[in-house]
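S.K.: Pasting the sequence and the predicted coordinates here, then a few questions.
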Amino acid sequence: QVQLVESGGGLVQPGGSLRLSCAASGFTFSTYIMSWYRQAPGKARELVSSISSSGGTTNYAASVKGRFTISRNNAKNTVYLQMNSLKPDDTALYYCKALYTASSTNYWGQGTQVTVSS
């Protein structure tokens, strides 16, 4: 059965760092585009970053570019999001998503909470 399990969230002070992980199972991870989304209370879910199946192409939302880095390890079926210089506006529930473009099949994780506050 398909599973995406996020971890690494928590409470951090402004300017701090966190590294999120999303461990995948139940599908051929290396063939899927992986993305991180976030949703703050009262706001729509937004795309934070995505990475191609090989890891060779990455994209970032303007609000996180230069501060966040997405990466993946296909041998470990895991995608990461390194978040530096965190701001209170980064506070949200962070989700990972897997997308197989040929069929538009997609899977979502349950989310991990990131809170940036002093």
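M.R.: That came in fine, so what should we check first?

S.K.: The spatially most central residue of the chain: which element?
M.R.: The residue lying closest to the centre of the chain (CA atoms, centre = their mean) is W36, at 2.7 Å. Following DSSP states H and E, one finds W36 within strand 33-39.

S.K.: circling back to that earlier point, which residues sit in contact with the residue nearest to the centre of the chain?
M.R.: Neighbouring residues of W36 by CB atoms under 8 Å, 6 or more residues apart in numbering: 20, 22, 47-50, 70, 79, 81, 94-97. Glycine gets a C-beta too; all of them are placed from N, C-alpha and C.

S.K.: coming back round to it: what comes up buried for the strand holding W36?
M.R.: Neighbour-count burial for strand 33-39 flags I33, M34, S35, W36, Y37, R38 (criterion: 16 or more other CB atoms under 10 Å).

S.K.: Kindly report the same for stretch 110-118.
M.R.: G111, T112, V114, V116.

S.K.: could I get those residues as a markdown table with pLDDT, secondary structure and distance to T57?
M.R.: Converted to a markdown table, the buried residues of stretch 110-118 look like this (pLDDT from 0 to 100; DSSP: H, G, I helix; E, B strand; the rest coil; distance: CB to CB, whole Å):
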| residue | pLDDT | secondary structure | distance to T57 |
| --- | --- | --- | --- |
| G111 | 97 | coil | 25 |
| T112 | 98 | strand | 24 |
| V114 | 98 | strand | 25 |
| V116 | 98 | strand | 28 |
